[in-house]
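Colleague: Pasting the sequence and the predicted model now:
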Amino acid sequence: MDQHLLLARVRSGDAAAERELYDTHVDRVYRLAFRLTGDDALAQECTQDAFVRAFGRLDEFRGDSSFGTWMHTIAASVTLNALKKVKRINARETDISAADAVTGVSRRAEPDLKVRLRQAINALPDGYRTVFIMHDVEGYTHEEIATALGVQEGTSKAQLSRARAKLRDALADFAGEWAS
Amino acid sequence: MSDTQNDDKFDDFLRIAARDYNAPPATPRAEMWARIDAARGAQRGATVVPIASARRPHLLRWTAIAAGMAAMLAIGVALGRRSTGGAIATPSVATGAGTTRGTRTATSSAPHAPNVPNDYSTGTRSPRTDRAGEQRVVSSVDQRTPVEIDAAAALPYRLATLQHLGQTEALLTTVRSNARAGQIDAHVAKWARDLLGNTQLLLDSPAGDDPQLKRLLGDLELVLAQIARLPGPGGIRDTTDFDLIEQAISRHDVLTRIRTTIPAGRVPVGS
């Protein structure tokens, strides 16, 4: 169904239209939330929150971009804020449990490529990681990323380039995997 | 091979290798839609603008949130009654207008639909008898003082907070006693997630303006977040998880603080 018509029906209170709009966009929103959080419960909460906010603020959607792009802007914002909150709670827990934890275990280089890649992606600065996940993992264009994150397209490209460079360094031991 | 070709090969390799990074499962569409639908029902329920809201516009938003919370608390009450054998009083507070959709979803598992008192005049007319004994219909324009309005407006948040603390007490008591027995109810993590959401809502609401309550809710947020991360049904549980949760409950003394916050006897019912 034509997006404008569907949105008009949603604005008029059509519950079936609301469900249709949700069904059209939920997969991509949920996938993004899950990729960024790695946690099903949190990804579901972020997805739900994003849709509730989007439906509640539908009057603000002017149609300059596609609804999907607008939806992903909200989803990215909700998810990244949730991640910050989780980090804050985790930091407090670390403070609390630090007295009980056994420390001083030295880190060894992880021999498994997949595990090392995972660690490397997790270790990326938040901005690089978000752009990398959105572009290289979930296939968003730089235009979509720029709109969703409120940055210039050039910034998105630069952050992606830096993310890849950091990952290349982190995976230097495995250069044979792609050089051959 | 040139550096550029090497970089391109790495980029291609990276895209393929990273596909498994936080690979999402199938989208739980129906589950999420049910919760979104409930929240939307609460949102719609707050679209009637009462006369007095012109002086307190921000409370309209929180009325909507409180109505949504009330629906979530209904589910929490039902779970609490099931786990404590009905020891917790069922809240019964008058509802806000137009929560039909949210109420329908909430009452699917709750014995009652808890409500939030509508403290604002909606311009409805009530009959009054004048000195001559004749009934005279007058407009119920709000004539309360700002202090009275604030006190009345704070009531739903206080009630919601007390009800929420009751449910949280039930969860923590359940977790603690089961952990000591060496087992945890499979649905405790989900229960904790629901309560965690309510806790965060309360922290961001006028209920969080009270410093003592804010500290308690902040500590509960921490404890509930730990419980919420327990594996669900079929997952592998580590005794360390239980130890950490027990330590968090004891360290923050949350159970004692909850019990001293909730008035003795039943959770008060809104007038």
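Modeller: Received, thanks. From a predicted model like this one, the values you see are computed outputs, not experimental measurements. Numbering: from 1, shown residues only, chains lettered A, B, ... in the order given.
Colleague: how about the helices of chain A, start to end?
Modeller: A:3-11, A:15-37, A:40-56, A:67-97, A:113-123, A:126-132, A:142-149, A:153-170, A:176-179 (DSSP state H).
Colleague: Nearest to residue B:216, out of those helices?
Modeller: helix A:67-97 (15.0 Å; CB to CB). Heads up, the C-betas are built off the backbone N, CA and C, glycines and all.
Colleague: which residues of chain A score low on pLDDT?
Modeller: A:1, A:90-111, A:177-180 (pLDDT under 70).
Colleague: Could you dump the helices of chain A into CSV with mean neighbour count added?
Modeller: Shown next, in CSV, are the helices of chain A (neighbours: other CB atoms under 10 Å in any protein chain shown):
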stretch, mean neighbour count
helix A:3-11, 15
helix A:15-37, 20
helix A:40-56, 22
helix A:67-97, 17
helix A:113-123, 16
helix A:126-132, 21
helix A:142-149, 20
helix A:153-170, 17
helix A:176-179, 13
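Colleague: how about TSV for these, with distance to residue B:217 added?
Modeller: Putting the helices of chain A into TSV (distance: least, CB to CB, whole Å) gives the following:
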stretch	distance to residue B:217
helix A:3-11	35
helix A:15-37	23
helix A:40-56	18
helix A:67-97	13
helix A:113-123	30
helix A:126-132	27
helix A:142-149	31
helix A:153-170	36
helix A:176-179	49
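Colleague: nearest to residue B:226, of those?
Modeller: The nearest among the helices of chain A, by CB to CB, is helix A:67-97 at 6.9 Å.
Colleague: and the closest one with helix A:3-11, angle?
Modeller: 60 degrees (axes from the mean of the first three to the mean of the last three CA atoms, to 10 degrees).
Colleague: Next, the angle from helix A:67-97 to helix A:142-149.
Modeller: 60 degrees.
Colleague: Tell me the gap between helix A:67-97 and the middle of its chain.
Modeller: 9 Å (CA atoms, centre = their mean, to the nearest Å).
Colleague: From what I see, residue A:38 and residue B:22 are in contact.
Modeller: Yes: here residue A:38 reaches residue B:22: they are 4.2 Å apart, a contact under CB atoms under 8 Å.
Colleague: ok, those two, which is more surrounded?
Modeller: residue B:22 (19 against 16; other CB atoms under 10 Å in any protein chain shown).
Colleague: I'd like to know how far the more buried one sits from residue A:31.
Modeller: To residue A:31, residue B:22 is 9 Å away according to CB to CB, to the nearest Å.
Colleague: what's the answer for residue A:64, then?
Modeller: 24 Å.
Colleague: so where's the stretch 101-250 of chain B shaky on pLDDT?
Modeller: In the stretch 101-250 of chain B (pLDDT under 70), the answer is B:101-144, B:146-154, B:178-186, B:231-240.
Colleague: Looking at it, which residue is nearest chain A?
Modeller: residue B:225 (5.0 Å; CB to the nearest CB).
Colleague: okay but that residue is in contact with residue B:197, surely?
Modeller: No: using CB under 8 Å, residue B:225 is not in contact with residue B:197, being 10.9 Å away.
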